[in-house]
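J.: Just a sequence and a predicted model for now, questions to come.
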Amino acid sequence: MIGSYFTVGILCIINLLNYMDRYTIAGVLNDIQKFFDMDKSTSGLLQTAFIVSYMIFAPVFGFLGDRYSRKILIVLGIIFWSGVTLLSSFVQQHHTYLFFICRSLVGIGEASYSTVAPTIIADLFSGKKRSTMIALFYFAIPVGSGLGYIVGSQMATIFKHWQWALRFTPVFGFICAISFIFVNEPKRGGNEGVERHNDDITVQDNHSFSIGQTIQSLKNDVYYIVSVPTYLFTTLGFTCVCFSIGALSWWTPYYMEYALVDSSSKDKINFIFGAIACVGGIVGVLIGSSSSQFLRGRYSTIDPIICGVGVLISIPCTFIAIYLARSHPMIAWINIFLAITFLSVNWSVVVDILLYVIVPERRATAQAIQILISHTLGDATSPFIVGAIPALPLQMVEHKMENTNTNVSY
């Protein structure tokens, strides 16, 4: 049992670094824009480049994760994404395309981890203990995202160059990869007493499988997964959450910087938002997980309702934050906190739903398909869409500011 807790602990630390790495760039976005001479919509594509490769390769690693050693996939993935992140910090000023390529490659490495890590936790624990461990695992998302802003901006401030923001997480990534080598990988479904049926043999059982047999196996997996209505509807709802969180995470600091153009707290925006993301995310995951565990015994279908209520509450909070950012920044920050909190209710609950409606042998593939759909229609596109919408008005206002030397609020 101690070994199981150690495994979950390492997975949580890796997930923390995973999300720190994703949002470190957002903490130094202004510096990157100036360094590579990017406009706002182009800088939004940095996150899109990462997410696109992440979502494309997620099904590949989901397929492999249901058939081969998940431990090896995780170790190789961590080494790959840490190495590419480190290399991206050395890209020169006039090679913007190389920076985009590096961000895309980081997505490949992280896809190998995100698709299979929850399935390992599912094979180590069951029932309420599994829900608790999944919640602990997903605490790392808001904490890592928030720390990404804080660490990114602070490293850039300390070393006077934004590139140092990308040289922090790789060091710990390599350490985690080495540590995970000593973890014992659990048997798929072993904790639930599930045995694989003879007609569902996969590549792991017989490495001499032909390509045709492999394709047939994958097709059977997909047919099964899309036949589960609960899985389909939670994936659709989670896609909306990813769209919202993607836009909020990428553009909120930038938006508040414009809103607080005359404020003395302008230099602290990344730190404030990072702290809000950390605390709000932790509270949201805690609310979602504890509500699920408390109410599931009485109402078997409560989990989707918890997710839906969380999203509904976040909507007015987001509108209030946007509307009052200039005139009442404190109220805006409070509502940003509430929006992130109630959106974060979904993180652990959605994955928990997947784990109890999908059989163990197909969970990695199901997780991969959910990642593909939610990111394709969610946070892969929202940073670019939100960045492109105000591009023309901002150009017009900035031109006016240059001519009149007046302050304009957004």
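T.: Right, received. Where do you want to start?
J.: Can you pull out the low-pLDDT segments for this protein?
T.: Residue ranges of the chain with pLDDT under 70: 1-2, 41, 44, 190-216, 261-267, 390-410.
J.: repeat that for 50
T.: 194-211, 391-402, 404-410 (pLDDT under 50).
J.: The closest residue to residue 273 other than its chain neighbours is in what secondary structure piece?
T.: In space, and not counting its chain neighbours, residue 273 is closest to residue 253: 4.8 Å by Cβ to Cβ, 6 or more residues apart in numbering. The way it works is simple: take the backbone N, C-alpha and C, and place the C-beta from them, glycine included. Here residue 253 sits within helix 229-259, counting by DSSP states H and E.
J.: what's the following helix or strand after that helix?
T.: helix 269-295.
J.: Enumerate the positions of the helix holding residue 253 that are buried.
T.: By 16 or more other Cβ atoms under 10 Å, the buried positions in helix 229-259 come out as 231, 234-235, 237-239, 241-259.
J.: Ok, stretch 22-41 next?
T.: The neighbour-count check on stretch 22-41 (16+ other Cβ under 10 Å) flags 22-33, 35-36, 38, 40-41 as buried.
J.: Stretch 58-77 now?
T.: Applying 16+ other Cβ under 10 Å to stretch 58-77 flags 58-59, 61-68, 70-71, 73-75, 77 as buried.
J.: Just the closest of these to residue 328, please.
T.: Of all those, residue 328 sits closest to residue 58, with 40.7 Å by Cβ to Cβ.
J.: May I ask you to confirm that the closest one is in contact with residue 110?
T.: No - counting by Cβ atoms under 8 Å, residue 58 stays clear of residue 110, with 9.2 Å between them.
J.: returning to what we had before: which ones among the buried residues of stretch 22-41 map onto helices?
T.: 22-27, 29-33, 35-36, 40-41 (DSSP state H).
J.: What is the nearest of those to residue 357?
T.: residue 22 (27.4 Å).
J.: Skip the chain neighbours and tell me the closest residue to the closest one.
T.: Among residues not flanking residue 22 along the chain, residue 148 sits closest, at 6.4 Å (Cβ to Cβ, 6+ apart).
J.: pretty sure the one you found contacts residue 24?
T.: Yes - applying Cβ under 8 Å as the test, residue 148 and residue 24 come out as touching, 4.5 Å apart.
J.: What distance do you get for the residue nearest to residue 273 to residue 57?
T.: Applying Cβ to Cβ, to the nearest Å, the value for residue 253 to residue 57 is 28 Å.
J.: circling back: just give me the closest of the buried residues of stretch 58-77 to residue 381.
T.: residue 58 (16.0 Å).
J.: how far away is that closest one from residue 156?
T.: From residue 58 over to residue 156 the distance is 30 Å, taken as Cβ to Cβ.
J.: before we move on, what about residue 186?
T.: As judged by Cβ to Cβ, residue 186 and residue 156 stand 40 Å apart.
J.: Tell me the secondary structure of residue 93, please.
T.: Following DSSP: H, G, I helix; E, B strand; the rest coil, residue 93 is assigned to coil.
J.: what's the nearest residue to it if we skip its chain neighbours?
T.: Using Cβ to Cβ, 6+ apart and skipping the chain neighbours, the partner closest in space to residue 93 is residue 35 (6.0 Å).
J.: Kindly report the same for residue 120.
T.: Take residue 120 and drop its neighbours on the chain: the residue closest to it by Cβ to Cβ, 6+ apart is residue 70, 5.8 Å away.
J.: quick one, what contacts that neighbour?
T.: By Cβ atoms under 8 Å, 6 or more residues apart in numbering, the contact set of residue 70 is 116-117, 119-120, 185, 364.
J.: Pick the one among the residues you listed closest to residue 271.
T.: Lowest distance from residue 271 to the contacts of residue 70 (Cβ to Cβ) belongs to residue 117, with 29.0 Å.
J.: any idea how far residue 282 is from residue 140?
T.: Where residue 140 is concerned, residue 282 sits at a distance of 10 Å (Cβ to Cβ).
J.: of those two, who's got more company?
T.: Of the pair residue 282 and residue 140, residue 140 is the one with more neighbours under other Cβ atoms under 10 Å, namely 24 against 19.
J.: from the chain's centre, how far out does the biggest helix by length in the chain sit?
T.: Counting by DSSP H, the longest helix found in the chain is helix 127-159. Here the centre of helix 127-159 is set off from its chain's centre by 10 Å, with Cα atoms, centre = their mean, to the nearest Å.
J.: Does anything pack onto the helix or strand hosting residue 49? Which helices or strands?
T.: Assigned by DSSP H and E, residue 49 falls within helix 40-65. Judged by 3 or more Cβ pairs under 8 Å, 6 or more residues apart in numbering; DSSP states H and E, the packing partners of helix 40-65 are helix 2-27, helix 29-36, helix 70-88, helix 96-114, helix 229-259, helix 363-376, helix 382-388, helix 391-404.
J.: How about the contacts made by residue 169?
T.: 17, 20-21, 24, 82, 85, 151.
J.: mind giving me TSV with these and columns for distance to residue 126?
T.: Below are these laid out as TSV (distance: Cβ to Cβ, whole Å):
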residue	distance to residue 126
17	27
20	30
21	31
24	36
82	32
85	35
151	35
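J.: Only whichever of the residues you listed are buried, select them in ChimeraX.
T.: Here is the ChimeraX command that picks out the buried ones among the contacts of residue 169, judged by 16+ other Cβ under 10 Å:
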select :17,20,21,24,82,85,151
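J.: so which pair among the contacts of residue 169 is furthest apart in space?
T.: 82 and 151 (14.8 Å).
J.: Could you tell me how many residues sit around the nearest residue to residue 259 once chain neighbours are set aside?
T.: Excluding the flanking residues, the one nearest residue 259 by Cβ to Cβ, 6+ apart is residue 325, at 3.8 Å. Counted with other Cβ under 10 Å, residues neighbouring residue 325 total 22.
J.: just checking, residue 325 touches residue 256?
T.: Yes - counting by Cβ under 8 Å, residue 325 does reach residue 256; the two are 6.1 Å apart.
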